[in-house]
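Asks: no letters, just coordinates:
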């Protein structure tokens, strides 16, 4: 899998660009650094070739830039979990207003559920619903490459997403991380900070151990 990471700036999420038969962007940041993000995307791929924009969950730092990035494409499909879609379509976010930004109001083309499969790049991935950080959080697992795009469910070095925002749940997050820990993961691509290649499974287990300590 040919995956490129555009590291998040300030509050932005990481943005992942995956090349192949179905060029795809995963998460879009806040949109507050659109000029820089556009420059990086163009360095990696012709934006007009992007077919899909996948949003891992409904927080502004992951979906605020979706409308601007879609405008770079020839009508890429926007895909997110069914429980995240309404918030993205309605465009309501106190966090966005706090930062001086604007939550997008944009139609979601496909609402996915746990177990759905998507062709991303050259590889089929499996949608895994991982509530706890938000109700609509999801991860994408690529079984061939043993890669996990984890949004804000888990991070490197034993980190995991906040559960104290509206809609969050420590118990649900623990269940989600426990489920992820059963996967054969080599590469871990989280929504913020560094990604891990070759030892992603160890970092997942650290996250599970750390969250268990809170219960």
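Replies: Yes, it's here. Quick caveat, the model's predicted, so the values are computed rather than measured.

Asks: flag the shaky bits of the chain, pLDDT-wise.
Replies: For the chain, no stretch has pLDDT under 70.

Asks: for it, longest strand please?
Replies: Ordering each strand of the chain by length in residues (DSSP state E) puts strand 123-129 first.

Asks: and the closest residue in space to residue 116 that isn't next to it in sequence, what does it touch?
Replies: In space, and not counting its chain neighbours, residue 116 is closest to residue 127: 4.4 Å by CB to CB, 6 or more residues apart in numbering. To be clear about C-beta, it is placed using only N, CA and C from the backbone, and glycine gets the same treatment. For residue 127, the contact set (CB atoms under 8 Å, 6 or more residues apart in numbering) comprises 81, 112, 113, 114, 115, 116, 117, 118, 138, 139, 140.

Asks: residue 117 now?
Replies: 124, 125, 126, 127.

Asks: out of the residues you listed, who's the most crowded?
Replies: Neighbour counts for those were taken using other CB atoms under 10 Å; the highest belongs to residue 125, with 26 neighbours.

Asks: beta-bridge partners for it, please?
Replies: Judged by DSSP bridges, the bridge partners of residue 125 are residue 118.

Asks: for residue 139, see how far away it is.
Replies: Note on residue 125: its distance to residue 139, by CB to CB, to the nearest Å, is 9 Å.

Asks: who touches both of these two?
Replies: Common neighbours of residue 125 and residue 139 (CB under 8 Å, 6+ apart) are residue 149.

Asks: picking that back up, dump the contacts of residue 127 to TSV, plus distance to residue 2.
Replies: As requested, the contacts of residue 127 are exported to TSV (distance: CB to CB, whole Å):
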residue	distance to residue 2
81	25
112	22
113	27
114	26
115	25
116	23
117	19
118	16
138	22
139	20
140	15
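
Asks: need the buried ones from these selected in ChimeraX.
Replies: Buried subset of the contacts of residue 127, written as a ChimeraX selection, criterion 16 or more other CB atoms under 10 Å:
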select :81,112,116,118,138,139,140
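
Asks: just give me the closest of the contacts of residue 127 to residue 24.
Replies: Residue 24 lies nearest to residue 118 out of the contacts of residue 127, by CB to CB, at 8.3 Å.

Asks: who's in contact with the closest one?
Replies: So residue 118 contacts 52, 54, 79, 112, 124, 125, 127, 140 (CB under 8 Å, 6+ apart).

Asks: how about 7 Å then?
Replies: 79, 125, 127 (CB atoms under 7 Å, 6 or more residues apart in numbering).

Asks: with residue 208 instead?
Replies: Shown in contact with residue 208 (CB under 7 Å, 6+ apart): 177, 178, 181.

Asks: what about it, distance to residue 185?
Replies: Counting by CB to CB - residue 208 and residue 185 are separated by 12 Å.

Asks: how about the helices of this structure, start to end?
Replies: 34-44, 60-63, 66-72, 82-90, 94-98, 170-181, 200-212 (DSSP state H).

Asks: show me which positions of the third one end up buried.
Replies: I take that to be helix 66-72. By 16+ other CB under 10 Å, the buried positions in helix 66-72 come out as 66, 67, 68, 69, 70, 72.

Asks: out of the contacts of residue 208, who's nearest residue 105?
Replies: Ranked by distance to residue 105 (CB to CB), the contacts of residue 208 are led by residue 177 at 31.9 Å.
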